[in-house]
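Participant: how would this look folded up:
(one chain, ligands or ions: 1)
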Amino acid sequence: MDHSYPEGWVFYRNLHHSYPLITHGRGAYLYDEEGKNYLDASGGAAVVSLGHGLKEMAEAIYDQAKKTGYLNGMQFTHAPVETLAKQISKFLPFPEGKTYFLTSGSEAIEASIKLARQYWVEQDQLSRFRVISRKPSYHGNTLAALSLSARERYRETFQPMLTESRMIPAPYCYRCYRKESYPSCQIKCAWELEKAIQELGEENVSAFLTEAIGGGSIGAAVPPPEYFPIIRKICDDYGILLIVDEVMTGIGRTGKWLASHHFDFVPDIIVMGKGLTSGYFPMSALAAKKEIVDSLFERGKSFLHFQTFAHHPVGCAAGMVTLDHIKKHNLLSRCSEMGSLLHKSLLPLLDHPHVGDIRGEGLLIGIEFVQEKDTKKPFPRDKKYAENFVRKALKNGLVVWPNIGHADGENGDLVLVAPPFIISQDEIMQIVDLLGKTLEGMKNNT
Ligand SMILES: Cc1ncc(COP(=O)(O)O)c(C=O)c1O
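Facilitator: Modelled structure (predicted):
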């Protein structure tokens, strides 16, 4: 551990780390005050989809701020929010869906479970409030979102403040909780939802909350095609709402507007964030089926959730540029193509004794590290493999995003590779080279 205390007045997220001071970014690159450049292979935390320093984004934000930098969503509406909600409705998997804008993924997750609860209250089903989620999973760091997230490291200190949650195993085939394989497993992890509902009593369950394709928590693990149709059937059979967390996967990251589009099912509520503005403004959203919103309206009610920065005009203007830019430059198909190239080019790393698995969809790829390949035994936590990998990669001029704890709650090391959609073929090859170089440099860490 680095014991030097950070100087200055910033309360840094990590008090034992010294952060490079970035002066600007262009495309897939970031530049620090000493002139060093970093290839941003994770778009921050899988946020930056359009690349850094996009002039038309800066101009749109400036133009909107000149008109109205803020409007209270309880008092007014405005063109950016109307337009962005309409644009989003075109790719929602349900007709005439309505979108509510907030500022972070965690908040939008909290809002989504509150909407589900209020829906049931308006249906006079007052006992329905329990939300079932998955393990491993991550839905955010605010208390309710954390209660629904299986992230031991984040939960431990706050355990007494968290609400009790029922979780079912996530479809994480590399570390199947039953040590079975697809397809002979018959997707038992999906059927665990039925067991959980029966255990809690269906009259008490409000919703099932799930990531579409795993984010950091299971390193971009893609569920088998049958998974979501089974989940949808169970939700329908027991009349519970299906909330899909697309905070990391939404807005093109997996090569489609939503990762849900890769599967044959329709969620009831979809939560988005991160890539909605490509990180140029803090922005998240929940989109709900029309019937859900109608049911509040018909009872003379409105959604009992509001926050000061909801429906922010500048955020919505940034969201409009994001969607327009993705359409104008065909970035969904580019994301698929570059994602396939990146995936294919990374596969030779599987020959390395400590690379256990490489998986993902589009430009969301997880690389899982193990101490022993045959047994999938993770490195002991005190090796801090993922953290050291990320630190070494940064020294080599490469930004990747770590995740730990997925193997058993405590151990497990992986990195996410999630570059901007504008990444070039040359830059993909540089990512692969720098990852290889970083792996070699990890020899002393094993
Ligand atoms: C799948 C998922 N859901 C929710 C969140 C929380 O979003 P935020 O950090 O914007 O609150 C994240 C953040 O990483 C995430 O990956």
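
Participant: What segments of the stretch 301-446 of the chain are strands?
Facilitator: Residue ranges of the strands in the stretch 301-446 of the chain, as given by DSSP state E, counting those that start in this stretch, are 355-361, 364-369, 398-399, 401-404, 413-417.

Participant: and the residue of the stretch 51-200 of the chain found nearest the ligand, what is it in contact with?
Facilitator: For the stretch 51-200 of the chain, the residue closest to the ligand is G105, as judged by CB to the nearest ligand atom, at 2.2 Å. C-beta here means a position set from N, CA and C on the backbone, and glycine is covered the same way. Counting by CB atoms under 8 Å, 6 or more residues apart in numbering, G105 touches 139-140, 145, 245, 247-248, 271, 273-274, 284.

Participant: can the helix or strand harbouring F208 be found next to the ligand?
Facilitator: Using DSSP states H and E, F208 maps to strand 205-211. Yes - against the ligand, strand 205-211 shows contacts by CB under 6 Å from any ligand atom at E211.

Participant: now the strands: where do they sit in the stretch 151-300 of the chain?
Facilitator: So, for the stretch 151-300 of the chain - with DSSP E, counting those that start in this stretch - the strands run 166-169, 205-211, 241-246, 269-272, 284-288.

Participant: Figure out how far the longest one is from the centre of its chain.
Facilitator: So the one you mean is strand 205-211. Centroid separation for strand 205-211 versus its chain: 16 Å, with CA atoms, centre = their mean, to the nearest Å.

Participant: For it, which strands pair with it and how are they oriented?
Facilitator: Here strand 205-211 is paired, per DSSP bridges, with strand 130-135 (parallel), strand 241-246 (parallel).

Participant: The fourth one too?
Facilitator: On the basis of DSSP bridges, the sheet neighbours of strand 269-272 come out as strand 241-246 (parallel), strand 284-288 (antiparallel).

Participant: between the ones you listed, which one is nearest to A418?
Facilitator: strand 241-246 (13.9 Å; CB to CB).

Participant: Could I get the strands paired with strand 205-211 in TSV, plus columns for mean neighbour count?
Facilitator: Shown next, in TSV, are the strands paired with strand 205-211 (neighbours: other CB atoms under 10 Å):
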stretch	mean neighbour count
strand 130-135	24
strand 241-246	28
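
Participant: Could you provide those in JSON lines, with additional columns for distance to H329?
Facilitator: Formatted as JSON lines, the strands paired with strand 205-211 follow (distance: least, CB to CB, whole Å):
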{"stretch": "strand 130-135", "distance to H329": "34"}
{"stretch": "strand 241-246", "distance to H329": "21"}
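
Participant: Just put these in JSON lines and tack on distance to the ligand and mean pLDDT.
Facilitator: Output for the strands paired with strand 205-211, formatted as JSON lines (distance: least, CB to the nearest ligand atom, whole Å; pLDDT from 0 to 100):
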{"stretch": "strand 130-135", "distance to the ligand": "11", "mean pLDDT": "98"}
{"stretch": "strand 241-246", "distance to the ligand": "5", "mean pLDDT": "98"}
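
Participant: closest to G319 out of the ones you listed?
Facilitator: G319 sits nearest to strand 241-246 of all the strands paired with strand 205-211, at 14.3 Å, using CB to CB.

Participant: check contacts around E361.
Facilitator: 213, 220, 222, 254-255, 259, 262, 339.

Participant: Could you list the residues of the chain in contact with the ligand?
Facilitator: Within the chain, the positions near the ligand by CB under 6 Å from any ligand atom are 45, 104-106, 109, 138-140, 211, 215-216, 245, 247-248, 273.

Participant: Give me the pLDDT for D382.
Facilitator: The model reports D382 with a pLDDT of 94.

Participant: What is the neighbour count of it?
Facilitator: 7 (other CB atoms under 10 Å).

Participant: Please apply the same query to E96.
Facilitator: 11.

Participant: contacting residues for it?
Facilitator: With CB under 8 Å, 6+ apart, E96 has these contacts: 89, 290.

Participant: Quickly note the distance from it to K290.
Facilitator: E96 is 4 Å from K290, where distance means CB to CB, to the nearest Å.

Participant: Which of the residues in stretch 46-55 are classified as buried?
Facilitator: Across stretch 46-55, burial judged by 16 or more other CB atoms under 10 Å covers 46-52, 54.

Participant: Spatially nearest residue to the residue nearest in space to the middle of the chain (excluding sequence neighbours)?
Facilitator: In the chain, the residue lying closest to the centroid (CA atoms, centre = their mean) is M248, at 2.2 Å. Spatially, and ignoring its direct neighbours in sequence, M248 is nearest to G215 (3.8 Å; CB to CB, 6 or more residues apart in numbering).

Participant: wouldn't the one you found be in contact with V247 here?
Facilitator: Yes - with contact defined as CB atoms under 8 Å, G215 counts as touching V247 (7.2 Å).
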